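Chemist: Structure of the sequence below:
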Amino acid sequence: MSEIVPLHADKKPAPGAFVDAGTLADGATLDADVVVIGSGAGGAVTACELQRAGFSVLVLEEGGHHTRADFKMREDINYPMLYQESGARATKDLGMTILQGRAVGGSTVVNYTTSFRTPPRVYEHWKKEHAVGEISVAELSPHWDAVEERLHIEKVPYEQTNRNNRTLYDGAKALGLQVDTTSRNVKRCMQSGYCGMGCPVDAKQSMLLTYLPDAVERGARVVSRCRVDKLIVSGGSIAKAECSVIGDDGYNVTGKKLIVSARRFVLSAGAIGSPSILIRSGLGGGMVGRRTFLHPVHGVFGIYKEPVEPYYGAPQSVASHAHADRGDGVGVFYEAAPMHPMLASVATAGFGVYHRELMQKLPFMAAHVALAIDGFHESEQGGTVTVRPSGAPLVDYVTPPRVREGLREGVKWLVKINFAAGAYEIGFGEFPMLLLRSERDVAMLDRYDMTKQPLFSAHVMGGCKMGDDPKSSVVRSKDLRHHTIENLHVVDGSVFPTSLGVNPQESIYGLAHLVASRLVHDWRA
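Modeler: This is a model prediction of the structure:
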């Protein structure tokens, strides 16, 4: 396909808007220079930069458009509203719960604001092992600078950490482990602690408040409750997208259909959504839906004599990467996790009176997690994304034994950290739960069957691997263009060849900003 120039290059762009697909007529046809599918970290940044350059952009989002008035700080309201499958998305064997956002702004609306640049060793590994060329940390650096400025990403002072995070910090320091406060994309944060249910005061600088409004101000249209069923290929290019309108319940289709056409398509539906759309469109096969990585997580809770109140304050303001590199072993990193009542009730083991008594200790409970850095060993091929007969995605992830063993070591260190911070009792595992009351009890974890313990994940990566070898990747490195479909680009966390070892949002922001700048240059050449 030849280079494209903006449709409205010589005239003022039409006003942008946030549009609910339910307000459009059945069979309506929409068009633009570029259609971006997904409005999260990858889609929003890409859409904004393309619209800023003068291209007309249409963003399609399956979730609803919700604002701070909808963020009630209620788990029963906001989990169904803002998460895929109401927060109950899981792997095929139900062994791992996957928390993933579903709204205008994607997972940036519900994540805990933790912001890290991609560690240099990750791109070095990708270059060596996965043929990722023409992208480097040095090239990404100015783009991270740009998004950090726009999103107000700043390092948290120790004094602004809550006690849940401070126990992780203090315990790690006492043991001589590397630990530090994190950077967060917030502005005038009121420390409500409810980041995972949407920010009720608009302090979180998510895509909902930043890059999407920036794009709309310049003329972009963002269509919510619009599910892309499939992309229609004609002559080696995407001709159009066939879409269904989602009803007021946020999940079931209404029967209305939309047709969306464009000269270029950018797929940014996330590491589960993007491969699913490709498969439904007849563009599966090869590496599509393969090498899906999840940063599998185990957690422990420590009980303290003084109140911790893990449901208030910045959810993740401390992290330790002391064991991110464990040589031949799987690396792990440590963070604190918020514990609101519903989440705590699901995350803690037991039934009846036992469970009630445990929940009564919630105000005195600190919750810390170990996240495995999967994908860096040849035996760690990750999971797969396929689709059910209904077209819904299906994630299959069998946790490798070496990942389980890495998590065992991580859990042992979390126990030591909590004891060093002053916990008098630490819980881990399924019912019957292990209750450890001194550091001597750490040896109990060596005998624990780690396969009994369910996992969870909030970091979904891979499925549309980037690389310059078409046989082992889906998109090329330079501009994330599909190897065989010349007007299709994939710009989201699905392109990562492995997991990252850090929370992924800023890695996606920076990559999207870089790739968008390259697309602008190439398309307007």
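Chemist: can you pull the pLDDT of Ala9?
Modeler: Note on Ala9: pLDDT of 46.
Chemist: before we move on, what about the one 10 residues further on?
Modeler: At Val19 the predicted local confidence, pLDDT, stands at 97.
Chemist: Could you name the specific helix or strand carrying it?
Modeler: Using DSSP states H and E, Val19 sits in strand 17-20.
Chemist: Buried residues in that strand, which are they?
Modeler: Residues of strand 17-20 classed as buried: 18-20 (neighbour count, 16 or more other C-beta atoms under 10 Å). Bear in mind the C-beta positions are built from the backbone N, C-alpha and C, glycine included.
Chemist: can you check stretch 145-164 too?
Modeler: For stretch 145-164, by 16+ other C-beta under 10 Å, it's 146-148, 150-153, 156, 161-164.
Chemist: So which of the buried residues of strand 17-20 is the closest to Glu439?
Modeler: In terms of C-beta to C-beta, no member of those lies closer to Glu439 than Phe18, at 54.1 Å.
Chemist: if I pick Thr108, what's in contact with it?
Modeler: Neighbour list for Thr108: 40-41, 44, 101, 204, 206-208, 505 [criterion: C-beta atoms under 8 Å, 6 or more residues apart in numbering].
Chemist: Go again with 10 Å.
Modeler: Residues counted as contacts of Thr108 (C-beta atoms under 10 Å, 6 or more residues apart in numbering) are 39-41, 44-45, 101, 151, 185, 204-212, 505, 508-509.
Chemist: Local confidence estimate at it?
Modeler: So, for Thr108, pLDDT stands at 98.
Chemist: likewise Met1?
Modeler: 38.
Chemist: What are the phi and psi values at Arg163?
Modeler: Here is the backbone geometry of Arg163 (degrees, to the nearest 10): phi -70, psi -30.
Chemist: Report how many residues lie close to Leu209.
Modeler: 21 (other C-beta atoms under 10 Å).
Chemist: Could you find the closest non-adjacent residue to it?
Modeler: Asp202 (5.9 Å; C-beta to C-beta, 6 or more residues apart in numbering).
Chemist: My guess is the one you found contacts Phe71. True?
Modeler: Yes - counting by C-beta atoms under 10 Å, Asp202 sits close enough to Phe71 to count as a contact (9.1 Å).
Chemist: Between those two, which is the more surrounded one?
Modeler: Just comparing Asp202 and Phe71: by other C-beta under 10 Å the higher neighbour count belongs to Phe71, 24 against 15.
Chemist: Return the residues in contact with the more buried one.
Modeler: 77-78, 81-82, 109-110, 192, 194-195, 197-202, 204.
Chemist: which stretches of the stretch 201-350 of the chain form helices?
Modeler: Per DSSP state H, counting those that start in this stretch, the stretch 201-350 of the chain carries helices over the ranges 211-217, 270-280, 341-347.
Chemist: Flag every buried residue along the top strand by length along the chain.
Modeler: Longest strand in the chain by number of residues (criterion: DSSP state E): strand 253-267. By neighbour count with 16+ other C-beta under 10 Å, strand 253-267 contains the buried residues 256, 258, 260-267.
Chemist: Return the list of strands paired to that strand, each annotated with direction.
Modeler: Strand 253-267 has the following strand partners under DSSP bridges: strand 28-37 (parallel), strand 237-246 (antiparallel), strand 488-490 (parallel).
Chemist: Any chance of those strands in CSV with distance to Ser56 as columns?
Modeler: CSV is the format used below for the strands paired with strand 253-267 (distance: least, C-beta to C-beta, whole Å):
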stretch, distance to Ser56
strand 28-37, 5
strand 237-246, 16
strand 488-490, 17
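Chemist: which one of those strands lies closest to Val300?
Modeler: Val300 lies closest, by C-beta to C-beta, to one member of the strands paired with strand 253-267: strand 488-490, at 36.5 Å.
Chemist: buried sites along the helix or strand just after the closest one?
Modeler: Counting by DSSP H and E, the element after strand 488-490 in chain order, helix or strand, is helix 505-523. Within helix 505-523, the residues that qualify as buried are 505-520, 523, counting by 16+ other C-beta under 10 Å.
Chemist: Any idea how far helix 505-523 is from the middle of the chain?
Modeler: Distance, stretch centre to chain centre, for helix 505-523: 17 Å (C-alpha atoms, centre = their mean, to the nearest Å).
Chemist: Tell me what angle that helix forms with strand 253-267.
Modeler: 70 degrees (axes from the mean of the first three to the mean of the last three C-alpha atoms, to 10 degrees).
Chemist: Looking at helix 505-523 now, give me its mean pLDDT.
Modeler: The pLDDT scores in helix 505-523 average 98.
Chemist: now the angle from it to helix 270-280?
Modeler: 50 degrees.
Chemist: Run through the residues that contact Lys471.
Modeler: 131, 286-287, 483.
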